[in-house]
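Engineer: Structure of the sequence below:
(one chain, ligands or ions: 2)
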Amino acid sequence: MLQYLDLLRDVLENGAEKSDRTGTGTRSVFGRQLRFDLADGFPMLTTKKLHQKSIVGELIWFLRGDTNVHWLQERGINIWNEWADENGDLGPVYGHQWRSWPTPDGGSIDQIAKVIASIKNNPDSRRHIVSAWNVAEVDDMALPPCHTMFQFYVADGKLSCQLYQRSADVFLGVPFNIASYALLTMIVAQLTGLEPGEFVHTFGDAHLYSNHIEQAQLQLTREPGPLPTMVINPDRTEIDSFEIEDFTLLDYVAAPSIKAPIAV
Ligand SMILES: Nc1nc(=O)c2c([nH]1)NC[C@@H]1CN(c3ccc(C(=O)N[C@@H](CCC(=O)O)C(=O)O)cc3)CN21
Ligand SMILES: O=c1ccn([C@H]2C[C@H](O)[C@@H](COP(=O)(O)O)O2)c(=O)[nH]1
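Structural biologist: Ligands and ions are numbered 1, 2, ... in the order given. Okay, the predicted model is just below:
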């Protein structure tokens, strides 16, 4: 995960001081890109321990089309609590846009089912796109999508995925986002009979919150170890059939976690 550590160092050293919506203050760079060849192992940070269940559970929750935090909380996943209303609702966030983007005639589009079908039926298409940035609904969301748009690409029997992330909390959010999209790429590869290729992570505003500086510096003193291996239950052939227990991370050896406050 040298790619990630290089980004962390880049933001620390070159980031411009910027105020932000949460009132915390950031150091920020604009326009960066990381690449992860999924044949090199599963890109899960080893220089601080990540909570695997939160990452897998959040992705399954998105794929369920769920936008209420109760399903997460019932599984001990608390990463979205701060943004939910008194009923646990977040508004029409990722899950809603991915699985039921509303159309003007009152219908809805399942972008995930469509993109899987298009990868299978027309692999060379340049339109394998899923967007969470629904301009008409952004103002109704508890938080406008940070991972806004992703595209799949098929070549040489391999499936790659590129994400455009408009806003990135480099210390807390990005390690989750990398692992989550690597996993999504592996899931879609399994469903389409392809091998996982690369995950390409493109950033708009990549920032380090001012109360994450010491934690970032500590992390940069640590040596990255070998990447773990993610094994997915091979019997799952439908996007709606995956459960948290279908994902096993092997050989994940990581340095201790590093606590940091989340900016709300
Ligand atoms: N400021 C901010 N940063 C984010 O990364 C972020 C948001 N807000 N809002 C929406 C979601 C929620 N995300 C989160 C929220 C909390 C953690 C967090 O606290 N991570 C801890 C462990 C928590 C756990 O897994 O139980 C960590 O040490 O990684 C990570 C991502 C990502 N997103
Ligand atoms: O998956 C996610 C979700 C959120 N973030 C971060 C990026 C920003 O620090 C905040 C969102 O604030 P905005 O003012 O809406 O940009 O959440 C992330 O890194 N990854």
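Engineer: Next to ligand 2, which bits of the stretch 51-200 of the chain? Give me the list.
Structural biologist: When proximity is defined by Cβ under 6 Å from any ligand atom, the stretch 51-200 of the chain lies next to ligand 2 at L143, P144, C146, H147, S167, A168, D169, G173, V174, N177. From N, CA and C alone the C-beta is placed, and that goes for glycine too.
Engineer: Show me the two of those that sit farthest apart.
Structural biologist: P144 and V174 (17.4 Å; Cβ to Cβ).
Engineer: show me the residues around the single nearest residue of the chain relative to ligand 1 that make contact.
Structural biologist: Going by Cβ to the nearest ligand atom, ligand 1 is nearest to G173 of the chain, at 2.3 Å. Contact partners of G173, counting by Cβ atoms under 8 Å, 6 or more residues apart in numbering, are C146.
Engineer: And the pLDDT for it?
Structural biologist: We have a pLDDT of 98 for G173.
Engineer: tell me the strands in the stretch 51-200 of the chain, going along the chain?
Structural biologist: Taking DSSP state E, counting those that start in this stretch as the test, the strands found in the stretch 51-200 of the chain are 101-102, 108-109, 129-131, 147-155, 158-169, 195-209.
Engineer: Using JSON lines, please lay out the ones you listed together with distance to F36 and mean neighbour count.
Structural biologist: What follows is the strands of the stretch 51-200 of the chain, written out as JSON lines (distance: least, Cβ to Cβ, whole Å; neighbours: other Cβ atoms under 10 Å):
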{"stretch": "strand 101-102", "distance to F36": "28", "mean neighbour count": "17"}
{"stretch": "strand 108-109", "distance to F36": "29", "mean neighbour count": "14"}
{"stretch": "strand 129-131", "distance to F36": "19", "mean neighbour count": "17"}
{"stretch": "strand 147-155", "distance to F36": "14", "mean neighbour count": "19"}
{"stretch": "strand 158-169", "distance to F36": "10", "mean neighbour count": "21"}
{"stretch": "strand 195-209", "distance to F36": "5", "mean neighbour count": "22"}
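Engineer: which one of these lies closest to A255?
Structural biologist: Closest to A255 of the strands of the stretch 51-200 of the chain is strand 195-209 (Cβ to Cβ; 18.7 Å).
Engineer: partners of the closest one in the sheet?
Structural biologist: When pairing is defined by DSSP bridges, strand 195-209 lines up against strand 26-37 (antiparallel), strand 158-169 (parallel).
Engineer: Kindly reformat those strands as JSON lines containing mean pLDDT and distance to ligand 1.
Structural biologist: Below are these laid out as JSON lines (pLDDT from 0 to 100; distance: least, Cβ to the nearest ligand atom, whole Å):
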{"stretch": "strand 26-37", "mean pLDDT": "98", "distance to ligand 1": "10"}
{"stretch": "strand 158-169", "mean pLDDT": "98", "distance to ligand 1": "3"}
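Engineer: Of those strands, which is nearest R99?
Structural biologist: Comparing these by Cβ to Cβ, strand 158-169 comes nearest, at 17.7 Å.
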